[in-house]
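Novice: Got a sequence here, can you model it:
(one chain, ligands or ions: 1)
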Amino acid sequence: MSIDARKIRLIMQLRRSGVTDTKVLGVIERIPREMFVPPSFHDQAWEDTALPIDLGQTISQPLIVALMTQALDVHDRHKVLEIGTGSGYQAAVLSRLCRRVYTVERHRPLLHEAEHRFRTLKLHNITSRHGDGTRGWPEQAPFERIMVTAAGGPEPPKDLTDQLSIGGVMVIPLGGGYGEQRVVRIRRTETGLHREELWPVRFVPLLSDQDVEERAHPS
Ligand code: SAH
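Specialist: Next comes the predicted model:
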């Protein structure tokens, strides 16, 4: 099957699964996902499945990317923060829908590969950096939108909700115990944070520098 035929099949599958935002579907059709997966998985790049990238991490399933992007409700004037650059695919999708994307990754080699892809695809409105994304990006805050693509604990990191603008929206997978995760949408208003549970998912863990330290030296 040609790449074009695979693309059309995937877009139809996303539509059937509840992705109604035509802008999101258009961007997914145009970003070459095969560039974001390892060469040995090229033939599966347009399947609706998560795929392994280096360092035990994963590029998310297209349906989850599409639904989370749709849930974030991004506009072209927005400044968006993404935590967990990974392959860079989600950042690439967001970059076509907003003014600027700031993305943070804790694994340097993944970040460098993603940055190379952004340059090749001329995605010049993505700014990336290495570090612990649970701290956010204070120098650039506030953000109208924040997307976290690794699973946090039961509560969103406070630094991230603090860096959300009033009226801002964050989409983040949160754990509910027993390894169960759910995508949660958090809206910050004048009166506080309003939380809405969306669908169950499975993401790699969001690891802060402190978590990594504690795993290395359990007390
Ligand atoms: N958005 C990615 C999916 C990445 S998987 C894509 O489209 O390919 C989640 C990523 O989050 C992994 O690369 C992992 O290294 C990263 N991550 C986990 N905890 C993090 C943290 N505290 N700060 C920054 N990145 C983190």
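Novice: wait, what's in contact with the residue lying closest to F118 once chain neighbours are set aside?
Specialist: Ranked by C-beta to C-beta, 6 or more residues apart in numbering and with sequence neighbours excluded, the top spatial neighbour of F118 is I126, at 4.9 Å. In short, each C-beta sits where N, CA and C put it, glycine included. Taking C-beta atoms under 8 Å, 6 or more residues apart in numbering, we find I126 in contact with 88, 91-92, 95, 100-101, 103, 118.
Novice: what are the phi and psi angles of I126?
Specialist: Reported as degrees, to the nearest 10, the phi and psi values for I126 are phi -110, psi 130.
Novice: Show residues contacting the longest strand belonging to the chain.
Specialist: Longest strand in the chain, counting residues (DSSP state E): strand 164-175. Defining contact as C-beta under 8 Å, 6+ apart, one finds that strand 164-175 is touched by 68, 71-73, 142-156, 160-161, 181-190, 198, 201, 203.
Novice: from the contacts of I126, which ones fall inside helices?
Specialist: Members of the contacts of I126 lying in helices (criterion: DSSP state H): 91-92, 95, 118.
Novice: could you say what helices and strands the worst-scoring helix or strand of the chain on mean pLDDT packs with?
Specialist: The weakest-scoring helix or strand in the chain, judged by mean pLDDT, DSSP states H and E, is helix 209-216 (a mean of 90). On a contact count with 3 or more C-beta pairs under 8 Å, 6 or more residues apart in numbering; DSSP states H and E, helix 209-216 meets no helix or strand.
Novice: Is any residue of that helix near the ligand?
Specialist: No. For helix 209-216 and the ligand, the contact criterion (C-beta under 6 Å from any ligand atom) is not met; the two come no nearer than 7.4 Å.
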